[in-house]
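A.B. asks: sharing a model that was predicted from the sequence below.
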Amino acid sequence: MSQKNETPVLIVALLITAGLIGGGFWWFTQKSGINLSQVINNSSPSPTNHQPSTPAPSNDNQPDSTLPTNSDRNFASVQNVPRGLFNYGGSTSWAPIRLSVDSAIQAARPEFRLRYVTPTGEAPGSSTGIRMLIEGKLDFAQSSRSLRDDELSRAAARGFKLQQTPIAIDGLAVAVNPNLNISGLTIDQLRSIYTGQVNNWQQLGGANLAIQPFSRPINDGGTVELFVQDVLGGQKFAANVQFVATTTQALQRIASSPGGIYYASAPEVVPQCTIKALPLGRKANELVAPYREPFVPLSQCPSQRNQLNTEAFQSGAYPITRNLFAIVKQNGQREQMAGEAYVNFILSSQGQELIGRSGFVPIR
């Protein structure tokens, strides 16, 4: 065959060979599930594998963080967890979470050690925790209320911002003596009790019995601040309100006071054996129990306990609900890394499951 005739044959052969190679490569990538562009992109090193991501800008007027699209299933899969001992503190309503969730985090990730710090000379609470965070005494804080403008301003004066992330839904429950025969209270009636307009249970359909309201002091934490703001409408407590240092002490007083009444975080009240929680409503015909009905008689406690009415809290049917927040310092340093790791632990599937077991309603 002449050279002139061989040229077209060679060209055809090359085209057939290229087609076979290309077709084979296409078949291999389709069957194996390999994404060529992903392989190319992943060949470049990513800085987020070795250091925390740069914090997103925060708006002082809108401090809530957007819930991260955290796909972590358990504590072991959470990334960017710093090593060391980290101080935290704040809301007393978080006590069940510290007991179950935080202890599980440390068991799974012993390199991330947590130490709860109690303030010196004052009661622990959301306000003291946030203040200690701003002053550099804590690495992150736990709060049962959202950040206030003055707290954001104080943080800004020190050169950083604060970010709050909702991690659970909570509600306030009202506790009374178990022998008190009353079906429930409206928010207006509850306000009337704590502002002194009503001082006998007979005025609310109960027995001729003096009402003895209890509360923690106004500056003790987010729970009291929420009650004053959302229930009392900013009014002052009546002179007959007795202040107690802790919820434990208050519930003990309620158990021995026939006309006693107290309010606290629902998980601290609903399962108790020596008091009962009252249904609340915006109107008299809209009373909603903070516990799952039917009510478990206290005579069956502690073998059986009343459980939180999570559906009413999630839907907003229960009249006094709130979010719990993790407060993280946005300074690009060790504190921020610790706070963000803690948030990721809490918002993981394992963390949210444990939140539910602690008596709170998971946020996601």
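C.D. replies: Now that the structure is in, tell me what you want to look at.

A.B. asks: what's around residue 219, how many residues?
C.D. replies: Residue 219: 12 surrounding residues under other CB atoms under 10 Å. C-beta here means a position set from N, CA and C on the backbone, and glycine is covered the same way.

A.B. asks: ok, the nearest residue to it once chain neighbours are set aside - contacts?
C.D. replies: Spatial nearest neighbour of residue 219, chain neighbours left out: residue 127 (6.7 Å); criterion: CB to CB, 6 or more residues apart in numbering. Residues in contact with residue 127 (CB atoms under 8 Å, 6 or more residues apart in numbering) are 219-222, 225.

A.B. asks: and these, which are buried?
C.D. replies: 220-222, 225 (16 or more other CB atoms under 10 Å).

A.B. asks: can you put those residues in a markdown table and add secondary structure?
C.D. replies: Shown next, in a markdown table, are the buried ones among the contacts of residue 127 (DSSP: H, G, I helix; E, B strand; the rest coil):
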| residue | secondary structure |
| --- | --- |
| 220 | coil |
| 221 | coil |
| 222 | helix |
| 225 | helix |
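
A.B. asks: which residue ranges form the helices in this structure?
C.D. replies: In the chain, the segments counted as helices under DSSP state H are 3-32, 36-42, 95-97, 103-108, 126-134, 149-157, 187-194, 222-226, 247-256, 266-269, 310-315, 334-347, 349-357.

A.B. asks: comparing these by mean pLDDT, which bottoms out?
C.D. replies: Ranked by mean pLDDT, the helices of the chain bottom out at helix 36-42, with a mean of 37.

A.B. asks: so residue 189 sits right up against residue 198, yeah?
C.D. replies: Yes - in this structure residue 189 lies within contact range of residue 198 using CB atoms under 8 Å: 6.9 Å.

A.B. asks: quick check: neighbours shared by those two?
C.D. replies: Joint contacts of residue 189 and residue 198 (CB under 8 Å, 6+ apart) are residue 204.

A.B. asks: so where is the stretch 51-200 of the chain shaky, pLDDT-wise?
C.D. replies: 51-71 (pLDDT under 70).

A.B. asks: wouldn't residue 82 be in contact with residue 112 here?
C.D. replies: Yes - Residue 82 is within contact range of residue 112, at 7.0 Å (criterion: CB under 8 Å).
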